[in-house]
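1. Predicted model and sequence follow; I will ask about them next.
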Amino acid sequence: MNLGTIRVLAGLVTAALAGVIAVGLTGVDRDPVRSAEDLQPRRVRVVAIVDGDTLRVETMEGRSLGRIRVLGIDAPETEHPPDPTECYGDTATALLERLVPIGVIVELVADAHQDDRDHYDRLLRYVDHRGQDVAARLIQAGAVRLYQDADRLVRGATYRAAARTAQEADRGLWGDC
């Protein structure tokens with residue numbers, strides 16, 4: 001191998017390492033590659049409501065999929081001692097329990113622009129029940145805020161409009177907190 005070839009290869013290796021380091025430093029690959037199968041809705045059964053933006057589900061065969069973090073929303077926190085429950089945290093949780101009670105079948109939908117899991121290892125998914133977007137219902141009720149990355153989501157424009165309407169009407173946490 002001549003010196004020119006070695007320099008070209010060294011440059012390629014350096015560029016590749018820089019990309020790996022950049023992804024490692026941010027902790028996330030911002031443009032995940034998803035297969036068509038990954039993006040298909042998946043029917044699951046709700047087994048528990050953790051809080052206003054997190055639930056536990058299992059497959060139709062009974063295999064646990066763990067915790068699901070509902071995409072696009074951020075509910076006020078509940079029960080994280082020593083911190084107290086945040087304003088509207090219990091109400092947001094209760095509303096999610098009414099929208100998707102334990103035992104119902106929901107559809108989980110991935111977003112092509114979102115990572116598969118968050119830093120707590122929760123699956124990141126839209127949750128649809130009876131043809132309705134659960135996050136949109138929570139936003140419309142003023143029970144949750146938009147998540148910081150909501151602009152990147154496929155459903156982001158819908159969520160922003162719903163949030164604006166809830167805020168302008170002082171609905172839910174916007175009027176109570």
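-> Alright, I've got the coordinates.
2. switch to C-alpha atoms for all contacts and neighbour counts from now on
-> OK.
3. Now do the contacts for the spatially most central residue of the chain.
-> Centroid check for the chain by C-alpha atoms, centre = their mean gives Leu71 as the closest residue, at 2.7 Å. With contact set as C-alpha atoms under 8 Å, 6 or more residues apart in numbering, Leu71 has these partners: 124-127, 135, 147, 150.
4. ok, those vs Ala166, which is closest?
-> Ala135 (13.1 Å; C-alpha to C-alpha).
5. can I assume the closest one is in contact with Val70?
-> Yes: the pair Ala135 / Val70 is scored as a contact, 6.8 Å apart, by C-alpha atoms under 8 Å.
6. Need the residues touching each of those two.
-> Common contact partners of Ala135 and Val70 (C-alpha under 8 Å, 6+ apart): 126-127.
7. Between these two, tell me which one has more neighbours.
-> Counted by other C-alpha atoms under 10 Å, Ala135 and Val70 do not tie: Ala135 has more neighbours, with 27 against 24.
8. Identify the residues contacting the more buried one.
-> Ala135 neighbours (C-alpha under 8 Å, 6+ apart): 70-73, 126-127.
9. Which pLDDT value does the model give Gly131?
-> You'll see Gly131 listed with a pLDDT of 94.
10. From Pro41, how far off is it?
-> 12 Å (C-alpha to C-alpha, to the nearest Å).
11. who's more crowded, the two?
-> Pro41 (16 against 9).
12. could you measure that one against His119, distance?
-> From Pro41 to His119 the distance is 23 Å (C-alpha to C-alpha).
13. In this protein, mark out all the helices, start to finish.
-> For the chain, the helices defined by DSSP state H occupy 3-26, 89-99, 134-140, 156-168, 173-176.
14. Domain map for this structure?
-> Here the domain assignment for the chain is 1-30, 42-176, based on automatic domain parsing.
15. so which of those is the most packed in?
-> A comparison of the domains of the chain by mean neighbour count, using mean count of other C-alpha atoms under 10 Å, puts domain 42-176 on top with a mean of 18.
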